[in-house]
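> Give me a 3D structure for the following:
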Amino acid sequence: MALILPVQGVSPVIGSNSFVAENSTIVGDVVIGENCSVWFNTVIRGDVNFIRIGNNSNIQDGAVIHGTYKNASTTIGSNVSVGHRAIVHGCTLKDYVLIGMGAIIMDHAVVEEFCIVAAGSVILENTVCESGYLYAGVPARKIKALTEEQVALVKRLPGNYIMYSGWFTKEAPI
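Have a look, this model is predicted:
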């Protein structure tokens, strides 16, 4: 069973039809929307500031979601895919964002709608990633406008993860 704990009297709230892997950790002031998935070994730590995650978003294996005490909360929009082992810290991810595997998003950064942050990239503090672009590198920079295929991927992934999470529920077909 997942480790879901209150911090200073505030307990996480997890929306309906959301999947939380049994070895994930969710603590404190965290609100997760409907039809979300929190995958294996993920940590969502709302102990020092709040975390909000919209509907249909997926936080993949080993990701860490956190903030900075009294300074930077974390807001993740709807239809967002946070890749394996990514770190999302004290920032804002708007709707329809794809954060690649192992990417790091730092305090007060804003990733606007329909952005992709490439695997292994680092979005520095206070960076604003403009809607419709791919960002990559260390530190990340705007590389190119998203193709139609990349936009379709960003739109398709949340639905895929809703399907995958269904494989772990009692109602899932064999």
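
> CA atoms only: put stretch 123-136 into PDB for me.
In PDB, the C-alpha atoms belonging to stretch 123-136 read as follows (Å, rounded to 0.1, in the frame of the first residue of the first chain):
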ATOM      1  CA  ILE A 123      15.100  24.100 -16.800                       C
ATOM      2  CA  LEU A 124      16.800  26.700 -14.600                       C
ATOM      3  CA  GLU A 125      15.000  28.900 -11.900                       C
ATOM      4  CA  ASN A 126      12.700  31.600 -13.200                       C
ATOM      5  CA  THR A 127      12.800  30.300 -16.800                       C
ATOM      6  CA  VAL A 128       9.600  30.600 -18.900                       C
ATOM      7  CA  CYS A 129       9.300  27.900 -21.500                       C
ATOM      8  CA  GLU A 130       7.200  29.300 -24.300                       C
ATOM      9  CA  SER A 131       4.100  27.400 -25.500                       C
ATOM     10  CA  GLY A 132       4.500  25.300 -28.600                       C
ATOM     11  CA  TYR A 133       8.300  24.600 -28.300                       C
ATOM     12  CA  LEU A 134      10.700  21.800 -27.500                       C
ATOM     13  CA  TYR A 135      13.300  22.700 -24.800                       C
ATOM     14  CA  ALA A 136      16.500  20.700 -24.400                       C
END
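
> Check which residues of it are buried.
123, 127, 129, 132, 133, 134, 135, 136 (16 or more other Cβ atoms under 10 Å). Using the backbone N, CA and C atoms, a C-beta is placed for each residue, glycine as well.

> Check the gap between residue 121 and residue 92 for me.
17 Å (Cβ to Cβ, to the nearest Å).

> These two: who's more crowded?
Between residue 121 and residue 92, residue 121 has the larger neighbour count (other Cβ atoms under 10 Å), namely 24 against 20.

> In space, what's closest to that one - neighbours in sequence excluded?
residue 140 (4.1 Å; Cβ to Cβ, 6 or more residues apart in numbering).

> pLDDT wise, what is that neighbour at?
The model reports residue 140 with a pLDDT of 98.

> Is it in contact with residue 116, as I believe?
No: contact between residue 140 and residue 116 fails when scored by Cβ atoms under 8 Å: they sit 10.6 Å apart.
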